[in-house]
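Colleague: Can you look at this prediction? I've put the sequence above it.
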Amino acid sequence: MKSVSDIRGYQDALFEWNNEYKLVEREECQTKFMMIDGEVYTSPAFFNPVMALNRDFSLLFTALQSKKQERPLRIFEPLGGIGVRAFRLINEMPEYVRSVVINDFGEASTLLARYNRGLINSDKIIQFKREARSLASELAEEHYKFQMIDLDPFGPPTPFLDSLWTLTQNRGIISVTATDMQALAGVYPIASLRKYGGRSLNNFHTHETAARILIAAVVRSAARFDKGVRPVFTLSSHHYIKIFFEISEGRGRANELVSQISSAGTCKVCQSHKFIEENETWNCCSDQVEIYGPLWNGSIFDNQWCTDALEVLENYDFPSKRAMEKFLSEGSLPPIPFYYALEYIGSRIGTNNPRMRDLISYLEEKGYIAYKTRFRKGALRTNAPVFVIEEGMIQLTQK
């Protein structure tokens, strides 16, 4: 099996291609690279600077996974684009990386990645230009195994998932990104059902619903190969969802995790929500209950993983460090599914919104758990019933 470095003519082809497209130098964190000057979505070699937070978390969890396994990692990026994530791994945390296999099927992306690879000048990067599923199949035939896989497509990840499980190891990590949020967030619920196996809903809990549908799709895919995967960290930002999963071998673990998939319901009047088992009915305070899924009904974070990641983050100066701390801090708190959008409650009961920290203090004094979520602006996670939230909002705005 030949990698790009074995193929003659790539360097000459890049110079010819550079006469048509202007290359400019860019820098992300501590890593410099070349990219095409122009608009993100019209460039023949795709690179999106908005995804820097996505890449920052990939680096952070690479360091954490390496520490947990007490060894440098073999990493696979089946859709690596121009390779910026891999180059950053090599440049910014080489002690945690044994090797990185990067791949892209695009001619321009491959040429540019090959050029940038020469700037990094590391023998830890192995590069391919292949259709991702075909490459994964050949790597499996060659008995390649990876401690970390980063699947980051433009669009849905589901077409690629089944091809990757034979490359994973027990206690390995796979991170999965989805960028087709119009399907997952309920604008096109039938597209979500077709691509992910769960009907989405554009409601109060749009982005968490999207994450839970994606998790369920990944869990089902892994289970077909007798592997159990559980989410350890979930990121919802801009136009994408990114989720890190820990992998366990065995059909027993796969069965256990598949059993944590069900439907969910949200009351359109009061925002109350619950997971709904097969043949269960739920009317809440009205008959305006919307049912969606199937989706993941377990925790979307692992408290210990998020706490450990916060400790590792102290050693790095990522540009998005403050945002990362906020996302991880939410993941380190007691897990509460879904949340309440306070502006809708305030509109329904005729009050203004109190300051979030005042409402949190009010609920904590009543003995409930409450904290702000990053999944929606002005939203609150709490195990308090909605009428307690309403009472608190009324009292705090009448003072």
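Modeller: Alright, I've got the coordinates.
Colleague: Find me the pLDDT at the nearest residue to residue 22 once chain neighbours are set aside, would you?
Modeller: Once flanking residues are discounted, residue 22 sits nearest to residue 37: 4.4 Å by Cβ to Cβ, 6 or more residues apart in numbering. C-betas here are computed from N, CA, C, even on glycine. Looking at residue 37, its pLDDT reads 77.
Colleague: contacting residues around residue 37?
Modeller: With contact set as Cβ atoms under 8 Å, 6 or more residues apart in numbering, residue 37 has these partners: 21, 22, 23, 24.
Colleague: How much space separates it from residue 44?
Modeller: 12 Å (Cβ to Cβ, to the nearest Å).
Colleague: which residues do those two both contact?
Modeller: With Cβ under 8 Å, 6+ apart, residue 37 and residue 44 have common neighbours residue 21.
Colleague: in this structure, what spans have low per-residue confidence?
Modeller: Within the chain, the stretches falling below the threshold (pLDDT under 70) are 1-20, 38-43, 399.
Colleague: how does it divide up, domain by domain?
Modeller: 4-331, 340-398 (automatic domain parsing).
Colleague: Out of these, which is the most enclosed?
Modeller: Ranked by mean neighbour count, the domains of the chain are led by domain 4-331 with a mean of 19 (mean count of other Cβ atoms under 10 Å).
Colleague: how far out from the middle of the chain is that domain?
Modeller: Put simply, domain 4-331 sits 5 Å off its chain's centre (Cα atoms, centre = their mean, to the nearest Å).
Colleague: Is residue 117 within a helix or a strand, and which one?
Modeller: Secondary-structure element containing residue 117, defined by DSSP states H and E: helix 107-120.
Colleague: no no, residue 236
Modeller: Residue 236 belongs to strand 227-237 when assigned by DSSP H and E.
Colleague: Name every strand pairing with that strand and say which way it goes.
Modeller: Here strand 227-237 has these sheet partners by DSSP bridges: strand 240-249 (antiparallel).
Colleague: In contact with the most centrally placed residue in the chain, which residues are there?
Modeller: In the chain, the C-alpha nearest the mean C-alpha coordinate belongs to residue 242, at 0.8 Å (Cα atoms, centre = their mean). Residues in contact with residue 242, defined by Cβ under 8 Å, 6+ apart, are 54, 57, 152, 175, 176, 177, 178, 234, 235.
Colleague: Now with 10 Å, please.
Modeller: Taking Cβ atoms under 10 Å, 6 or more residues apart in numbering, we find residue 242 in contact with 51, 53-55, 57-58, 150-152, 157, 175-179, 211, 214, 233-236.
Colleague: List the ones among these that fall in strands.
Modeller: 150, 151, 175, 176, 177, 178, 233, 234, 235, 236 (DSSP state E).
Colleague: quick one, what contacts the fourth one?
Modeller: Think residue 176. Taking Cβ under 10 Å, 6+ apart, one finds 149-153, 157-158, 160-161, 164, 214-215, 217-218, 221, 229, 231, 241-245 in contact with residue 176.
Colleague: what do you get for residue 387?
Modeller: Counted by Cβ under 10 Å, 6+ apart, residue 387 has contacts 270, 272, 285.
Colleague: The last one and residue 158: what is the separation?
Modeller: In this structure, residue 285 and residue 158 are separated by 36 Å, where distance is defined by Cβ to Cβ.
Colleague: name the element residue 136 belongs to?
Modeller: Counting by DSSP H and E, residue 136 is part of helix 132-141.
Colleague: Output that helix as PDB, nothing but the C-alphas.
Modeller: The C-alpha coordinates for helix 132-141 follow below in PDB (Å, rounded to 0.1, in the frame of the first residue of the first chain):
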ATOM      1  CA  ALA A 132     -11.700   6.900   3.100                       C
ATOM      2  CA  ARG A 133     -13.700   3.700   3.400                       C
ATOM      3  CA  SER A 134     -11.500   1.900   0.900                       C
ATOM      4  CA  LEU A 135      -8.400   3.000   2.800                       C
ATOM      5  CA  ALA A 136      -9.900   1.900   6.100                       C
ATOM      6  CA  SER A 137     -10.600  -1.500   4.700                       C
ATOM      7  CA  GLU A 138      -7.000  -1.900   3.400                       C
ATOM      8  CA  LEU A 139      -5.600  -0.700   6.700                       C
ATOM      9  CA  ALA A 140      -7.700  -3.300   8.500                       C
ATOM     10  CA  GLU A 141      -6.300  -6.000   6.100                       C
END
